[in-house]
Every structure is written in C-alpha cells, then in structure tokens.
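sequence unknown, structure follows:
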C-alpha cells in the first residue's frame with residue numbers, strides 16, 4: 001500500500017493515541033457527552049407523549065406543570081453535563097497542543113545538523129502555529145463530533161424505527177448517498193489541506209527571511225523586488241487555500257440539501273399516515289424532532305471529517321519531525337575533563353562532495369596555544385565542526401586522552417570544547433543572561449573575569465543598564481566587534497578544557513585584538529588549551545604551534561619565527577599583510 005494511502009490512517013491513529021494519553025479525562029468527558037445526548041434524545045419522546053395526551057384531552061393543569069418542570073430539570077442536567085465534557089475534552093486538547101509545542105521545540109534542538117540544515121525555519125514556524133492548532137481542533141472537536149454523531153444516529157434511528165419502521169426507512173433513504181459523497185470529499189480534504197500547509201511553510205519562511213534581511217534589502221534598494229517575490233508566495237498560498245475552501249464550503253450546503261430531502265420525504269409519507277390513522281400526531285412530532293436531531297450528526301459528520309482529515313494531515317507532518325531519532329540527549333554529569341587532543345590521519349568529505357580534510361595529524365596538549373591559518377575554503381572551520389560533533393566523524397581519527405571521540409556521548413564531547421564563531425548568535429535577552437548561557441550559576445567574580453578577558457568592560461560601562469541591558473534580536477543593538485567579544489566572554493565562562501576561536505576577532509581593530517590575546521594568554525592556565533583560526537597572522541604570533549593549511553592539507557607547521565623565515569605559504573601571507581598594513585588577508 002502506498003504512503004499516500006497510509007499517511008491519513010497513520011495520522012488518525014496518532015490522534016487517537018494522543019487522546020488516550022488523557023484516558024481518564026476523555027472517559028469522563030464521553031460520559032458527559034452521553035448524558036447530554038440522552039437528555040436531548042428524550043425531549044422528542046416526551047413531546048410525543050404530551051401532544052398525544054393533550055390531543056386525547058387527558059392532560060390536567062397540574063400534570064402540565066409537572067411536565068414543564070421535568071423539561072426544565074432536563075435542561076439543567078444537559079447544561080451541567082455539557083459544561084463537564086467541554087471542560088474535560090477541550091482542556092485535554094489544549095494540553096496536548098502545549099505538549100506538542102514543547103516536543104517540537106525539544107526535537108528541533110536535538111536534530112542532527114544535517115537534518116536541521118534540510119529543514120527551513122519557516123517549516124518549524126508553520127508546524128507550531130498552524131499544524132499543532134489543527135491537531136488540537138481535531139482532538140477537541142473532531143473526535144467528540146465523531147462519537148456524538150454515531151451515538152445520536154444509532155439511538156435516534158432506533159427510536160424512530162420503534163415508532164414506525166416504514167416511515168424510518170423512507171426518511172433515511174438519502175443517507176447512503178450522503179455517506180458516499182462524504183467519503184469522496186474526505187480524500188480531497190486531506191490532500192488539499194496538506195498542500196495548504198506546505199504552501200504556508202514557504203510563505204512563512206519568506207516572511208522570516210525578508211524581516212531578517214530588511215537592512216540588506218534597503219541598502220540595495222531591493223524592497224520592491226522582495227515584495228514581488230513575497231506576493232508570489234502569497235498568491236500561491238491563496239490559490240492552495242481556495243482549492244481547499246471549495247471542498248470545505250461544499251459540506252454544509254450538501255448536508256442541508258439531504259436534510260431537506262429527508263424532511264420532504266417525512267411530510268410526504270408521514271402526513272398521509274397521520275390522516276389514515278396509522279400514525280399519531282405526537283409520533284409525527286417526535287419523528288420531526290428526531291429528524292432535526294439527525295441533521296446535527298450529518299453536519300457534525302461533515303465538520304468532523306474536515307477536522308479529522310486536517311488534524312491527520314497535520315499530525316503526519318508533525319510526526320515527520322517528531323519521529324526523527326535526532327542526536328543523543330544524555331547528560332554527561334562528570335566534571336570537565338583535562339587532557340590531550342590528538343588527531344591521527346584524519347580524512348573527511350561531505351556527502352557527495354570532494355575531500356575537505358586530507359591526512360590531518362596534530363597534537364594539542366593542555367595549556368597549549370595552537371594556531372590554524374589558510375585560505376578560505378581549505379577546511380579550517382570544518383575541523384572545528386568535527387570536534388564539536390556537528391558533523392559525523394570517522395572512527396579512529398580523533399582522540400582525547402587516548403579515547404576515540406567518536407565513541408563519546410555528544411554531551412560529553414561538547415563539554416570538552418567551547419567555541420566562538422566569526423558570526424556568533426546572541427539571544428534577545430539581557431547581556432548577563434547571554435553570557436551565562438552555559439554557566440547560569442556563575443558568580444559575579446567569574447562573570448567579571450570573563451568580561452575582562454574579552455575586553456568588554458569599557459563597552460558595558462556605556463550601556464544604559466550595564467549587564468541588565470536588553471539586546472535586540474540576534475544582538476542587533478551591538479556592533480559586530482561587541483557581539484564577537486560578548487560571545488568570547490560567554491565561551492570563556494563555560495570553562496571548557498579547549499577553547500576554539502574561529503576567526504573570532506575579525507570585527508575588532510588590531511589594538512583591541514592584541515589586548516584580548518594578551519588577556520587570554522594571562523588568564524589561560526595549564527589545564528586550558530587554545531585553538532585559534534585566524535586570517536590575521538598577528539593573532540598567532542605567540543602560538544606554540546601554527547598549522548598552515550592549503551587545499552585541505554597541512555603543508556607547514558611550526559612557530560611564527562620559524563615559518564616567517566621559511567619559504568612557503570605562511571611567509572607569502574605574512575608579506576601581503578605587512579605590505580597592506582591592515583592586518584587582513
């Protein structure tokens with residue numbers, strides 16, 4: 001059986017599974033639904049009795065008041081039972097929505113870098129803001145409508161059959177055709193809602209991209225062109241939505257058409273039966289009451305099918321993310337380890353790509369300062385990603401204290417390293433909370449020390465609220481150099497045994513760079529190693545060893561003084577920087 005046919009079924013049973021997770025609330029809610037329905041179903045029967053007794057002149061004023069009080073009592077019972085099931089069932093649906101949002105975020109944070117790079121942010125946003133509410137509506141209303149419509153149909157049909165089997169058969173004649181039509185529409189709803197959500201993902205991603213790139217668009221006077229690109233996505237979403245609406249809008253009118261047909265049949269067949277004395281006026285009134293009740297199951301069936309198909313489609317889309325195994329989430333609780341990092345004959349290639357790292361071998365002792373330099377695209381950043389576990393590393397190539405890093409839990413491996421990238425990410429929060437991201441319990445002394453190492457003290461003194469200053473989205477209220485130094489302070493505060501700097505000081509001037517490097521040299525202890533990627537050779541002058549990379553190979557290694565005298569790439573880069581005098585390659 002194709003996946004196209006099995007996905008709706010899988011989505012539906014996942015909805016049932018989620019609701020069973022709140023079994024007690026669901027069961028009590030269903031009891032409330034049954035009580036509400038029984039009260040509703042009893043009213044036409046009571047109406048039949050009252051009318052027949054009135055017609056036969058058997059009703060006394062006192063008895064009439066008693067019947068009225070009974071109907072009032074039933075209304076109160078119906079009110080309480082309906083309030084009960086709405087509180088329990090709808091509350092369960094909303095709690096499931098909240099749990100799904102939490103699970104989606106947790107899963108998103110544990111996706112492998114490869115899977116995360118294949119999924120746009122717009123998809124996650126659409127899942128959280130549209131698919132999850134669709135699942136909640138299916139659970140809160142769709143399943144109830146499903147149960148409610150079946151219960152009312154069975155009981156009302158049985159009571160009608162008791163009153164007159166012949167009239168019941170005639171009245172329910174349009175129902176099989178209605179069921180067939182709904183089965184056809186159900187398949188259309190699923191596919192078209194799936195298309196709507198897929199189009200919404202693209203629209204959401206385009207919106208996010210336009211907002212994030214607002215400054216760039218203005219700088220290049222491309223706001224109008226971007227608006228046109230957005231409008232294309234918007235029109236596509238509108239087209240998909242209108243395809244869905246055309247099916248959705250057909251349900252209620254079609255159901256009312258069939259309900260009207262049943263009413264016409266009831267009057268056409270039931271009226272002569274009353275005139276011939278084969279059916280009492282009260283029984284006809286009861287038939288009219290039950291037929292009106294059956295109109296709700298028909299409407300509920302259409303509504304339920306729409307909600308369940310939408311919910312099933314959305315649940316299948318959510319499960320595509322939630323079922324991903326992701327990365328291991330074990331927490332390694334041991335204290336940070338101190339030891340030697342060793343690389344042995346490391347080769348690495350991205351899937352379907354050429355070799356990026358070729359036969360790398362190096363050794364980084366505790367307390368050592370290791371520098372890495374080379375042209376853009378030679379594999380420097382890829383090496384850091386392998387260390388952090390952001391790419392799958394081959395076994396038998398990377399070791400820490402003699403243990404293969406490939407066998408480490410990711411949480412343990414990432415405790416070994418603290419990284420600062422060239423374009424660090426800061427959250428829309430206070431400066432203090434951003435710095436204490438990996439060490440929330442840091443003391444004021446530890447925080448102050450990290451700020452001094454990153455040469456950020458003078459900048460913080462100018463902020464209106466100091467450490468409690470709120471940063472804009474992605475730290476937009478800071479300059480590029482301030483963001484890099486804030487990220488450096490955050491990384492230093494983590495106190496990992498190996499600090500990785502990936503061209504971290506590219507946005508600061510050479511004097512600030514030298515101050516920071518001096519602070520790092522003074523603060524670094526024998527237990528803390530430093531590996532620095534830099535295009536500025538001035539940043540690596542005091543390194544214990546410098547690796548020079550060309551086309552994925554380590555072509556030179558040694559201290560600055562040695563490499564500056566030896567013919568090769570390092571001396572060529574040094575000559576260029578000395579001549580330019582700007583400190584950049």
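Sure, I can see it. Worth saying up front: this structure is predicted, and the values here are computed from it rather than measured.

I'd like the mean pLDDT over stretch 27-42, please.
Averaged across stretch 27-42, pLDDT comes to 86.

any idea how far that stretch is from the chain center?
For stretch 27-42, the distance between its averaged C-alpha position and the chain's averaged C-alpha position is 36 Å (C-alpha atoms, centre = their mean, to the nearest Å).

How about stretch 379-399?
A distance of 28 Å separates the C-alpha centroid of stretch 379-399 from that of its chain, computed with C-alpha atoms, centre = their mean.

in it, what counts as buried?
Of all the residues in stretch 379-399, those buried under the rule 16 or more other C-beta atoms under 10 Å are 379-391, 393, 397-399. Every residue, glycine included, has its C-beta placed from N, CA and C.

One more: stretch 84-99?
Judged by neighbour count using 16+ other C-beta under 10 Å, the buried positions of stretch 84-99 are 84, 85, 86, 88, 89, 90, 92, 93, 96, 97.

Give me the nearest residue to the last one, chain neighbours excluded.
Closest residue to residue 97 apart from its sequence neighbours, by C-beta to C-beta, 6 or more residues apart in numbering: residue 136 at 3.9 Å.

What mean pLDDT does the helix or strand where the one you found lies get?
Using DSSP states H and E, residue 136 maps to helix 132-137. Model confidence over helix 132-137, given as mean pLDDT, is 81.

and if you look at stretch 453-469?
Per-residue pLDDT over stretch 453-469 has a mean of 82.

quick one on the thing from earlier: can I assume the residue nearest to residue 97 is in contact with residue 95?
No - the pair residue 136 and residue 95 fails to qualify as a contact (C-beta atoms under 8 Å) at a distance of 9.3 Å.

do you know how far residue 439 is from residue 449?
When C-beta to C-beta, to the nearest Å is the yardstick, residue 439 and residue 449 sit 12 Å from each other.

Same question for residue 494.
When distances are taken as C-beta to C-beta, residue 494 and residue 449 turn out to be 13 Å apart.

ok, now residue 177?
According to C-beta to C-beta, residue 177 stands 79 Å off from residue 449.

Next: residue 166.
Following C-beta to C-beta, the distance that separates residue 166 from residue 449 is 92 Å.

Between those two, point out the one with more neighbours.
Summary of the neighbour comparison: residue 166 and residue 449, criterion other C-beta atoms under 10 Å, with residue 449 having more neighbours (17 against 13).

Tell me the confidence at that one?
Per the predicted model, pLDDT is 86 at residue 449.

Shouldn't it be within a strand?
No - the assignment for residue 449 (DSSP: H, G, I helix; E, B strand; the rest coil) gives helix, which keeps it out of a strand.

now the stretch 401-550 of the chain, which segments are flagged as low pLDDT?
Regions of the stretch 401-550 of the chain meeting the criterion pLDDT under 70 cover residues 472-477, 523-526.

in it, which spans are helices?
410-415, 431-435, 444-453, 457-462, 480-494, 510-523 (DSSP state H, counting those that start in this stretch).

hmm, who's touching the last one?
Translated: helix 510-523. With contacts defined as C-beta atoms under 8 Å, 6 or more residues apart in numbering, helix 510-523 is touched by 369, 449, 452-455, 481, 485, 488, 492, 499, 505, 508, 530, 536, 538-539, 542, 583.

of the residues you listed, buried ones?
Using 16+ other C-beta under 10 Å as the burial test, the contacts of helix 510-523 include 369, 449, 453-455, 481, 485, 488, 492, 499, 505, 508, 530, 536, 538-539, 583 as buried.

can you give me the end-to-end distance of stretch 550-559?
Stretch 550-559 has its terminal residues 17 Å apart, counting by C-alpha to C-alpha, to the nearest Å.

Now do the buried residues in that stretch.
Neighbour counts over stretch 550-559 (16+ other C-beta under 10 Å) mark 552, 553, 554, 556, 557, 558 as buried.

which SS class is the fifth one?
This means residue 557. strand.

count of residues packed around the closest residue to it other than its chain neighbours?
The shortest distance from residue 557 to any non-neighbouring residue, by C-beta to C-beta, 6+ apart, is to residue 547 (5.2 Å). Residue 547 is flanked by 24 other residues according to other C-beta under 10 Å.

Beta-bridge partners for residue 547, please?
Bridge pairing for residue 547 (DSSP bridges) gives the partners residue 372, residue 557.

next one: residue 349
Residues in beta-bridge contact with residue 349 (DSSP bridges): residue 355.

ok, now residue 403?
residue 400.

helices or strands next to the longest helix along the chain in the packing?
Ordering each helix of the chain by length in residues (DSSP state H) puts helix 223-275 first. For helix 223-275, the packing partners by 3 or more C-beta pairs under 8 Å, 6 or more residues apart in numbering; DSSP states H and E come out as helix 165-171, helix 175-212, helix 281-322.

The nearest residue to residue 84 once chain neighbours are set aside: neighbour count?
Closest residue to residue 84 apart from its sequence neighbours, by C-beta to C-beta, 6+ apart: residue 32 at 4.0 Å. Around residue 32 there are 21 other residues, counting by other C-beta under 10 Å.

do the same with the one 10 residues further on
The local packing of residue 42 (other C-beta under 10 Å) involves 15 other residues.

ok, now the one 4 residues further on?
Using other C-beta under 10 Å, the number of residues around residue 46 comes to 16.

quick one, the helix or strand where it lies and helix 281-322 angle?
Taking DSSP H and E as the definition, one finds residue 46 inside helix 23-55. Relative orientation of helix 23-55 with respect to helix 281-322: 160 degrees, computed using axes from the mean of the first three to the mean of the last three C-alpha atoms, to 10 degrees.

got a pLDDT number for the closest residue in space to residue 405 that isn't next to it in sequence?
The shortest distance from residue 405 to any non-neighbouring residue, by C-beta to C-beta, 6+ apart, is to residue 398 (4.1 Å). pLDDT recorded at residue 398 is 92.

do the same with residue 9
Residue 9 is assigned a pLDDT of 62 by the prediction.

for the stretch 51-200 of the chain, what are the low-confidence residue spans?
By pLDDT under 70, the low-scoring segments of the stretch 51-200 of the chain are 111-123, 143, 178-179, 182-187, 189-190.

who's in contact with residue 144?
By C-beta under 8 Å, 6+ apart, the neighbours of residue 144 are 29, 33, 85, 89.

Return the member of the residues you listed nearest to residue 289.
Sorting these by how near they are to residue 289, with C-beta to C-beta, puts residue 33 at the top with 19.4 Å.

what number of residues lie near the closest one?
By the criterion of other C-beta under 10 Å, residue 33 has 23 neighbours.

Pull the contacting residues for the nearest residue to it once chain neighbours are set aside.
Of all residues not flanking residue 33 in the chain, residue 85 sits nearest, at 4.9 Å (C-beta to C-beta, 6+ apart). By C-beta under 8 Å, 6+ apart, the contact set of residue 85 is 28, 29, 30, 31, 32, 33, 36, 144.

Against residue 553, how distant is residue 85?
If you go by C-beta to C-beta, the gap between residue 85 and residue 553 works out to 71 Å.

now do residue 109
Applying C-beta to C-beta to residue 109 and residue 553 gives a distance of 36 Å.
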